[in-house]
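Peer 1: can you look at this prediction? I've put the sequence above it.
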Amino acid sequence: MMSAGIVLCGAVIYLSRHAHEPANYRAFHSEPPEYRTIPGVIHSVFKDQGRGRGLIQLGLLLLIATPIVRVALSIVGFAIERDKLYVGFTVVVLAILLYSLLGAGIGL
């Protein structure tokens with residue numbers, strides 16, 4: 001819900017400033033480089049407070065981080081229960097999630 005709220009706030013800010021700009025569909029323009037890394041997104045939230053794009057990207061990052069945090073907390077829970085088998089499985093799942101995130105070029 002927090003991720004959706006942040007994306008919604010960013011979308012409202014973005015649309016309030018850019019709703020009347022004409023869209024150019026003839027040429028594809030990818031995201032600027034500052035939105036391609038986690039530190040860049042966080043920096044853009046504070047640097048460009050009135051634009052909204054940074055807030056949208058931050059909300060999407062929180063959405064991506066939700067299952068990763070959940071799996072990490074599962075490791076802690078299984079470790080407290082001293083269930084070594086499930087700790088092992090969950091560590092493998094966390095490693096796969098982190099590898100897919102970092103291998104996708106999002107970067108830290």
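Peer 2: In hand now; what should we look at?

Peer 1: which parts of the host helix or strand of residue 44 are buried?
Peer 2: For residue 44, the enclosing helix or strand under DSSP states H and E is helix 38-47. Buried residues in helix 38-47, counted by 16 or more other Cβ atoms under 10 Å: 38, 40, 41, 44, 45. Quick note: C-beta positions are derived from backbone N, CA and C, even for glycine.

Peer 1: ok, the last one touching residue 55?
Peer 2: Yes. The criterion here is Cβ atoms under 8 Å, and residue 45 meets it with residue 55 at 6.0 Å.

Peer 1: where are the low-confidence patches of the chain?
Peer 2: Applying pLDDT under 70 to the chain picks out residues 49-50, 104-108.

Peer 1: which one of the buried residues of helix 38-47 sits closest to residue 97?
Peer 2: residue 38 (14.9 Å; Cβ to Cβ).

Peer 1: what about the residue of the chain most remote from its centre, which SS state?
Peer 2: Note on the chain: the largest C-alpha distance from the chain mean falls to residue 82, namely 31.6 Å (Cα atoms, centre = their mean). What DSSP: H, G, I helix; E, B strand; the rest coil gives for residue 82 is coil.

Peer 1: before we move on, what about residue 7?
Peer 2: Three-state assignment for residue 7 (three-state DSSP): helix.

Peer 1: show me where the chain has its helices.
Peer 2: Taking DSSP state H, the helices of the chain run over residues 2-18, 38-47, 53-80, 84-103.

Peer 1: chain center to the last one: distance?
Peer 2: So that's helix 84-103. Taking Cα atoms, centre = their mean, to the nearest Å, one finds the center of helix 84-103 at 18 Å from the center of the full chain.
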